[in-house]
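S.K.: Take this sequence and fold it.
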Amino acid sequence: MSDIDITDPVAIVHIPIHLIHVYTTKIYWTIDRASEESPRFFNLTSNRIEMAIFGSLDLIMQEWSSLSDPDVLINASWRVFEISSGDDDDDDVGNYDSPHLRHVSAPLARAGISILYQSSYFTDFLLVKADDFEKAATIFAEQGWHVDHDSLPTPPRRRSQLLSPLSPSFATTTRSSPPPPAQPEITVLSSPLAFVGFSRSVEDRFSEKIRKFLVWPERALSSLPIAHQASWSRTTTLDHLDGNENVDGERAPVGTMDGLDLSVSERPFISYTRNEDGASLVTEIGILRVMFPKGGEDEIHLQSGGELGGSDGNVVQDTGARWGDISISPSDSEADFEVGVGDDENPSQESHSRLVSSDKTFPSPPLESGQIPIRWSGREVRKSDEEGQKRCLQLDLRGVGMSDGGETGGAYHLDKSGLVTRFSDLLTSTTHPIRMLYSSTFHTANILVEARDVKKAKRLLERRRKSPEWV
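M.R.: Residues are numbered from 1 along each chain as shown. Down below sits the predicted model:
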């Protein structure tokens, strides 16, 4: 039985990834102030499409409500349920599965309640719209879950400044941005991921390093010794594939960050969550190994499941390997290399927070009518290299449901319930259920599965490509 602790109301900021460089200083100070003004729940999730910042109403309104940019969207108000599995098994380190995800989301979907979901190293967070808050709490109680009413959220201090939920509108975009897909697109991100946790007692030690990495990942890494930089590089996916065969790759220079023409759309996947217990970070394993090198003094302060324990030699070998013919076998093992980053100016204020290629190409088979294109990138890795690693299946949901008109247009997550439930039911309905974690943004669903299960998960999702549930 899960314990459900209710946290304060939050708002969400959506920033298209191609505009991150415009707002890096504002993002920096939002993260900096979060420890004081959003202590119970704060999340920043960034991928190749967008950055979503979840924070208290007061924090988001103070930092972002004055903007007039039509592409930067604020959605409020949401209420957050912090979900504890109640499992005291000391053999399990970290949050490596969310069985309660499928259990708590299903009754909400049946009631027509839309949700967002964030998995972290320590626990999970489920968000519902403020109007659905009391209904959701009642449903949880009826299902037999313990709801901690002592944690009921306090009213926002400036309710008059609350913005109405905004629906993304690509028709009003005034800057160049990639067009949304005609139907949901699934991308299997090229690099393996890992979760690390930081307890409250050591978060000060990592605060500035983590903050700078979230805003300027390439600058945070370039400030490290060159020996560690050499183990991190980027690659570029060139083709859209059907997910069954091969991939072309283009190799970037290894061992330096200077002079690289890095696209902001190639920033690594990042999900950072902080609450009163500590902080959690999920990103590429290669990056984590660079930031927290094996044997370094910071290593002992990290909590992880051992994914960072691979030898430095393996990392360098992986990133320095010459691109030859790349084939994806029918086995469950998949790609293993690192992806790149963005750029902007440093903040001028003083920190005050406590917190922390190949010579051969392979033709892609033609897509059937209505098929969801699935992109793959990377090379095969050894089975032993995958132990505990995560892979991300990223669903681009921009434009899905736009034909419905009204508020549903372009904001699939915000206005259509049952999405999380469908994914979790699909991946756990097999003889050997696929363990999954989940990270929501405005326009994407980021499903994190064990590396060994990524091809199986992809096949299951692909079977639903013509289902009316996608539209």
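
S.K.: And stretch 25-44, what's buried?
M.R.: For stretch 25-44, burial by neighbour count (16 or more other C-beta atoms under 10 Å) applies to 26-35, 37-44. (Glycine included, C-beta is placed from N, CA and C.)

S.K.: tally of neighbours for the nearest residue to residue 83 once chain neighbours are set aside?
M.R.: In space, and not counting its chain neighbours, residue 83 is closest to residue 124: 4.6 Å by C-beta to C-beta, 6 or more residues apart in numbering. Using other C-beta atoms under 10 Å, residue 124 has 22 other residues around it.

S.K.: Run through the bridge partners of residue 124.
M.R.: When assigned by DSSP bridges, residue 124 has beta-bridge partners residue 83, residue 119.

S.K.: from memory it sits against residue 118, does it?
M.R.: Yes. Counting by C-beta atoms under 8 Å, residue 124 sits close enough to residue 118 to count as a contact (7.0 Å).

S.K.: Quick check: the residue nearest to residue 83 vs residue 21, distance?
M.R.: 32 Å (C-beta to C-beta, to the nearest Å).

S.K.: repeat for residue 205
M.R.: Here the criterion is C-beta to C-beta. By it, residue 205 lies 28 Å from residue 21.

S.K.: mind showing which ranges of this structure have poor pLDDT?
M.R.: Low-confidence segments of the chain (pLDDT under 70): 1-2, 85-100, 149-184, 220-266, 300, 309-387, 399-417, 465-471.

S.K.: In it, which strand is the longest?
M.R.: Ranked by number of residues, the top strand in the chain under DSSP state E is strand 3-16.

S.K.: helices and strands around the helix or strand following that strand, which ones?
M.R.: As assigned by DSSP states H and E, the chain's next helix or strand after strand 3-16 is helix 24-37. Under the contact definition 3 or more C-beta pairs under 8 Å, 6 or more residues apart in numbering; DSSP states H and E, helix 24-37 sits against strand 42-46, strand 50-56, helix 57-64, helix 203-215.

S.K.: Identify, out of these, the most deeply packed stretch.
M.R.: Neighbour counts (mean count of other C-beta atoms under 10 Å) averaged over each of the helices and strands packed on helix 24-37 peak at strand 50-56, with a mean of 26.

S.K.: okay, the angle between that one and helix 57-64?
M.R.: If you take axes from the mean of the first three to the mean of the last three C-alpha atoms, to 10 degrees, strand 50-56 sits at 130 degrees to helix 57-64.

S.K.: Residue 76 is nearest to which of the helices and strands packed on helix 24-37?
M.R.: helix 57-64 (6.1 Å; C-beta to C-beta).

S.K.: can you give me the strands in the stretch 101-250 of the chain?
M.R.: 115-119, 124-129, 146-148, 185-188, 193-199, 235-237, 249-251 (DSSP state E, counting those that start in this stretch).

S.K.: Residue 395 and residue 185, how far apart?
M.R.: Distance from residue 395 to residue 185, by C-beta to C-beta: 7 Å.

S.K.: make that residue 422, sorry
M.R.: 17 Å.

S.K.: what about these two, which has more around it?
M.R.: A side-by-side neighbour count of residue 422 and residue 185, using other C-beta under 10 Å, places residue 185 first with 21 against 16.

S.K.: On the strand side of things, show who the nearest residue to the more buried one once chain neighbours are set aside bridges to.
M.R.: Leaving aside its chain neighbours, residue 185 sits nearest to residue 396 (4.4 Å; criterion: C-beta to C-beta, 6+ apart). Beta-bridge pairing for residue 396 (DSSP bridges): residue 185, residue 444.

S.K.: Would you mind measuring from residue 396 to residue 43?
M.R.: Per C-beta to C-beta, residue 396 is found 20 Å from residue 43.

S.K.: on that earlier part again, surely the residue nearest to residue 185 meets residue 442?
M.R.: No. In this structure residue 396 lies outside contact range of residue 442 using C-beta under 8 Å: 11.3 Å.

S.K.: still on that earlier bit, looking at the strands of the stretch 101-250 of the chain, which is nearest to residue 462?
M.R.: strand 185-188 (7.6 Å).
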